[in-house]
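# This is the structure alone, sequence omitted:
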């Protein structure tokens, strides 16, 4: 019995590390299970915009002007994304 050696089964397929670049380029890119659509992007931006507006209004109650400004800027970013995606 050998000790200290690891035996691997030969499956006839090349190892991932030994594949050439051209083999990898021939394969189709992996696709996510959930397709990204324009509508989906707008919905995500809308939710993020609403979330940052709520957080900004809550920060106004604490009186932290820097935090309020930061949150409003983030909300404005998502508003611009929604407008750009709606075109």
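Okay, I see it. Just so we're clear, the structure is a prediction, and the values are computed from it rather than from any experiment. Residues are numbered from 1 along each chain as shown.

# neighbouring contacts of the helix or strand where residue 78 lies?
Secondary structure assignment for residue 78, by DSSP states H and E: helix 65-86. Helix 65-86 has contacts (CB atoms under 8 Å, 6 or more residues apart in numbering) with 38, 41-42, 45-46, 48-49, 52-53, 55-56, 59-60. (Each C-beta comes from the backbone N, C-alpha and C, glycine too.)

# Also stretch 46-57?
Contacts of stretch 46-57 (CB under 8 Å, 6+ apart): 68, 71-72, 74-75, 78-79, 82.

# The longest helix along the chain versus helix 65-86: what angle between them?
For the chain, the helix reaching the highest residue count under DSSP state H is reported as helix 38-62. Interaxial angle, helix 38-62 versus helix 65-86 (axes from the mean of the first three to the mean of the last three CA atoms, to 10 degrees): 160 degrees.

# and the helix holding residue 78, what's its mean pLDDT?
What helix 65-86 shows for mean pLDDT is 94.

# Next, the buried residues of it.
68, 71-72, 74-75, 78-79, 81-82 (16 or more other CB atoms under 10 Å).
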